[in-house]
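S.K.: Got a predicted model here, sequence first, then my questions.
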Amino acid sequence: MPVTARLSKAFYDRMGEQVANELVDWFNQVDLTYRTDLREMNELNFARFDAKLEQRFVESEARFDRKLVELEARIDRKLVELEARMDAKIAALEVKMEQRFTTQMRWMFAMWATTFIPLIGLYYNR
């Protein structure tokens, strides 16, 4: 929206209608030129800003992806370590359970033997 320059009546009277109108037209042309130049400068600055912003987003995304890969690798290592520890604990538990089962079977055999021997004796003594 161009700004129309207004000059006083005294200026029109002193310089004349034609010169005053030419001066007003010149002011309007200068204003339009400055506005156009300013718009172009703003568009160029915005384009540079947009390019820098896009570049920074790409860099940030690359850093984020790299950190995510590192995190996944660390998690995988920790899971492998955890799995190895769990396998060791399960193997130790299986050995311990086998030992307890063997001990329990011995005690059960001893209990059944001590129960059947008197029953057999009672059966033959009748």
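M.R.: Great, that's in hand. Numbers count the residues shown, from 1 in each chain.

S.K.: What segments of the chain are helices?
M.R.: 9-15, 17-124 (DSSP state H).

S.K.: any idea which residue sits dead centre in the chain?
M.R.: Most central in the chain under CA atoms, centre = their mean is F64, positioned 6.8 Å from the mean C-alpha point.

S.K.: Please name the residues that touch that residue.
M.R.: Contacts of F64 were listed using CB atoms under 8 Å, 6 or more residues apart in numbering, and none were found. (Each C-beta comes from the backbone N, C-alpha and C, glycine too.)

S.K.: For F57, see how far away it is.
M.R.: 10 Å (CB to CB, to the nearest Å).

S.K.: and if you look at Y34?
M.R.: From Y34 over to F57 (counting by CB to CB), the distance is 34 Å.

S.K.: Over to F109?
M.R.: For F109 relative to F57 (CB to CB), the value is 76 Å.

S.K.: distance of A88 from M41?
M.R.: A88 sits 70 Å away from M41, taking CB to CB as the criterion.

S.K.: What is the burial count for N28?
M.R.: The local packing of N28 (other CB atoms under 10 Å) involves 14 other residues.

S.K.: Now do it against A20, distance only.
M.R.: In this view, N28 and A20 are 13 Å apart by CB to CB.

S.K.: can you check F27 too?
M.R.: Between F27 and A20 the computed distance is 11 Å (CB to CB).
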